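**Student:** Sequence plus predicted model, see below.
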Amino acid sequence: MLISVQTEDFDISTEIAKLRANNPAIGAVVSFVGLVRDLNEGLSVSAMELEHYPGMTEKSLETIATQAKQRWNLIDCLIIHRVGLLQALDQIVLVAATSAHRGEAFAACEFMMDYLKTDAPFWKKETTPEGERWVDARVSDEGAMRKWNVDAESALS
């Protein structure tokens, strides 16, 4: 299990290759890469700054990766999340899961992303033509998390 909170960009193929690490039991690799959008809620976004609480953030990401491994028969998983000042279209997050079969990896990857969007301790501030603004989780993200029958309190315990 690889968890990283970092300022530097990541290379998807390098990270997936490390996750696979010549393991012949892996039959599926599912990954998701999130990007900084250049438009949000009708406004152009030129940059996004992400803040986090070191130590707490990594622990939270470890918790969700552990929960994913407990819920699904995963071989391994990773979460890489960037912090600091990012420009529109920059990579912001990589989530991946490996398993013997695709269904387990797809479900786990979606679960980890839903958690990241709602409960991970990141604070996002966008730069728009109207100035800077803090970004909250969307109602649709909260709904996505509910489908896993997990609320914020149980997800973090």
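**Tutor:** Perfect, I can see it now.

**Student:** so where do the helices sit in the chain?
**Tutor:** For the chain, the helices defined by DSSP state H occupy 12-20, 56-71, 102-118, 139-146, 152-155.

**Student:** nearest residue to residue 9 other than its sequence neighbours?
**Tutor:** Once flanking residues are discounted, residue 9 sits nearest to residue 91: 5.9 Å by Cβ to Cβ, 6 or more residues apart in numbering. In short, each C-beta sits where N, CA and C put it, glycine included.

**Student:** Oops, could you answer that again for residue 106 instead?
**Tutor:** Per Cβ to Cβ, 6+ apart, closest to residue 106 is residue 30, 5.1 Å.

**Student:** go on, residue 133?
**Tutor:** Nearest residue to residue 133, sequence neighbours excluded (Cβ to Cβ, 6+ apart): residue 126, at 5.6 Å.

**Student:** count of neighbours near the one you found?
**Tutor:** Counted with other Cβ atoms under 10 Å, residues neighbouring residue 126 total 22.

**Student:** residues in contact with it?
**Tutor:** By Cβ atoms under 8 Å, 6 or more residues apart in numbering, residue 126 lies in contact with 40, 43, 45, 47-48, 132-133, 135.

**Student:** As a quick check, tell me the outermost residue of the protein.
**Tutor:** Of all residues in the chain, residue 130 has its C-alpha farthest from the mean position, at 27.8 Å, by Cα atoms, centre = their mean.

**Student:** picking that back up, is the residue nearest to residue 133 in a bridge, and if so with what?
**Tutor:** In this entry, residue 126 is beta-bridged to residue 48, residue 133, by DSSP bridges.

**Student:** Find me the pLDDT at the residue farthest from the centre of the chain, would you?
**Tutor:** On the pLDDT scale, residue 130 is placed at 89.

**Student:** Same question for residue 116.
**Tutor:** Residue 116 carries a pLDDT value of 89.

**Student:** beta partners of the nearest residue to it once chain neighbours are set aside?
**Tutor:** Nearest residue to residue 116, sequence neighbours excluded (Cβ to Cβ, 6+ apart): residue 93, at 6.5 Å. Beta bridges link residue 93 to residue 34, residue 81, judged by DSSP bridges.
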